[in-house]
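>>> Here's a sequence, model it:
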Amino acid sequence: MSQESTRWPSKDQLIMGLHAIREVLVHKPDRLLKVFTSVSGGAAARKHEIIDECDKNGVPVQTVSFDLLTKMAGSDSHQSFVAHVKGRKFFSVDEFISEKEDQESTFVLMLSEIFDPQNFGALLRSAECFGADAVAWSKNRGCDLTPIAAKSSCGASELISLIRISNLADSVERFKKAGFEIVAAVAQQDAEPLTDFCYSKKTVLIVGSEGEGIQPLLLKKADRCVFIPTKGKIESLNVAQATAVLLSRLNY
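The predicted model follows:
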């Protein structure tokens with residue numbers, strides 16, 4: 001197939017970058033439909049290792065130009081690799097709650113006003129690393145899943161349950177009715193300090209961007225608020241850093 005005639009999938013069915021594709025190859029190779037690469041004979045060994053792993057797992061590999069990869073992914077930071085993955089399952093809140101109803105503990109990270117794709121991906125990565133069951137976000141008020149976000153997630157976008165919804169406030173009410181406690185992460189000294197904080201068995205943790213913060217309506221619906229005590233001169237962490245710290249308390 002010529003490069004000019006190649007048709008590529010929608011952005012939310014593409015991931016890019018060595019690390020992201022390697023993680024999917026290791027943990028969920030069946031998610032990969034095809035890998036596109038501009039790697040040539042003189043490329044670094046680790047790039048050829050990805051191609052070898054694709055061959056071992058029966059994943060088709062197509063050689064295309066670097067520029068075509070950039071057009072596919074909407075970014076030139078693809079490290080010569082873009083992968084087409086199976087269409088993701090995006091849960092509704094009700095579907096997710098139903099699937100987890102017999103699970104003793106369930107933790108959902110909810111994102112409010114997160115517009116930066118690299119932050120979005122880093123949040124997905126932290127959620128997967130610390131054992132969250134899902135990440136929920138509004139498709140109307142924030143970044144959506146793109147190749148840049150998927151790369152920043154280092155493969156987590158393919159490993160964790162995703163709840164892509166329209167209205168976060170309505171979703172919070174659905175979680176509440178199902179017995180979830182709603183916790184808002186805020187930079188306010190009158191909130192509960194994380195050092196003394198324990199999450200409930202069923203929790204939705206809401207985090208917001210540094211600029212906009214959590215939507216006021218969502219904040220009003222929170223059952224509890226938590227903050228991270230700091231000692232340095234800088235007032236706060238960015239949202240990805242702060243969320244990693246908040247998630248590190250999941251097993252306490």
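
>>> can you list the weak-confidence ranges in the stretch 151-252 of the chain?
Scanning the stretch 151-252 of the chain for pLDDT under 70 picks out 210-211, 233, 235, 252.

>>> Quick one: the strands in it, in order.
In the stretch 151-252 of the chain, the strands defined using DSSP state E, counting those that start in this stretch lie at 161-165, 181-185, 192-193, 202-208, 224-227.

>>> Can I get the longest one in PDB, CA atoms only?
Once non-C-alpha atoms are left out, strand 202-208 reads as follows in PDB (Å, rounded to 0.1, in the frame of the first residue of the first chain):
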ATOM      1  CA  LYS A 202     -16.000   3.400  47.400                       C
ATOM      2  CA  THR A 203     -14.600   6.800  46.400                       C
ATOM      3  CA  VAL A 204     -14.600   9.200  43.600                       C
ATOM      4  CA  LEU A 205     -11.700  11.600  43.800                       C
ATOM      5  CA  ILE A 206     -12.100  14.900  41.800                       C
ATOM      6  CA  VAL A 207      -9.100  16.800  40.800                       C
ATOM      7  CA  GLY A 208      -8.900  20.000  38.700                       C
END
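
>>> Just checking: what are the partner strands of it?
If you go by DSSP bridges, strand 202-208 pairs up with strand 106-112 (parallel), strand 181-185 (parallel).

>>> Residue 28 - how many residues pack around it?
14 (other C-beta atoms under 10 Å). C-beta here means a position set from N, CA and C on the backbone, and glycine is covered the same way.

>>> Nearest residue to it in space, please, no chain neighbours.
residue 158 (5.8 Å; C-beta to C-beta, 6 or more residues apart in numbering).

>>> gap between residue 78 and residue 13?
15 Å (C-beta to C-beta, to the nearest Å).

>>> More neighbours: which of those two?
residue 78 (27 against 17).

>>> Please identify which helix or strand holds that one.
Per DSSP states H and E: residue 78 is located in neither a helix nor a strand.

>>> for the one 4 residues further on, same thing?
Applying DSSP H and E as the criterion places residue 82 in strand 81-85.

>>> List the residues that contact residue 206.
Contacts for residue 206 (C-beta atoms under 8 Å, 6 or more residues apart in numbering) come out as 110, 111, 112, 172, 182, 183, 184, 185, 214, 218, 219, 222.

>>> What is the neighbour count of the closest residue in space to residue 112 that isn't next to it in sequence?
In space, and not counting its chain neighbours, residue 112 is closest to residue 208: 4.2 Å by C-beta to C-beta, 6+ apart. Each residue near residue 208 was counted by other C-beta under 10 Å, and the total is 23.

>>> From residue 242, how far off is residue 208?
Taking C-beta to C-beta as the measure, residue 208 falls 10 Å from residue 242.

>>> Pull up the overlap in contacts between those two.
Residues touching both residue 208 and residue 242 (C-beta under 8 Å, 6+ apart) are residue 185.

>>> In the sheet, which residues pair with residue 138? Tell me.
Under the criterion DSSP bridges, residue 138 forms beta bridges with residue 165.

>>> Pull the contacting residues for it.
111, 112, 165, 166, 167, 168.

>>> Using JSON lines, lay out those residues together with distance to residue 148 and neighbour count.
Listed next are the contacts of residue 138 as JSON lines, based on distance: C-beta to C-beta, whole Å; neighbours: other C-beta atoms under 10 Å:
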{"residue": "111", "distance to residue 148": "16", "neighbour count": "27"}
{"residue": "112", "distance to residue 148": "20", "neighbour count": "25"}
{"residue": "165", "distance to residue 148": "21", "neighbour count": "19"}
{"residue": "166", "distance to residue 148": "23", "neighbour count": "11"}
{"residue": "167", "distance to residue 148": "25", "neighbour count": "15"}
{"residue": "168", "distance to residue 148": "22", "neighbour count": "26"}
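
>>> so, if you compare those, which one comes nearest to residue 72?
Nearest to residue 72 among the contacts of residue 138: residue 111, at 25.6 Å, using C-beta to C-beta.
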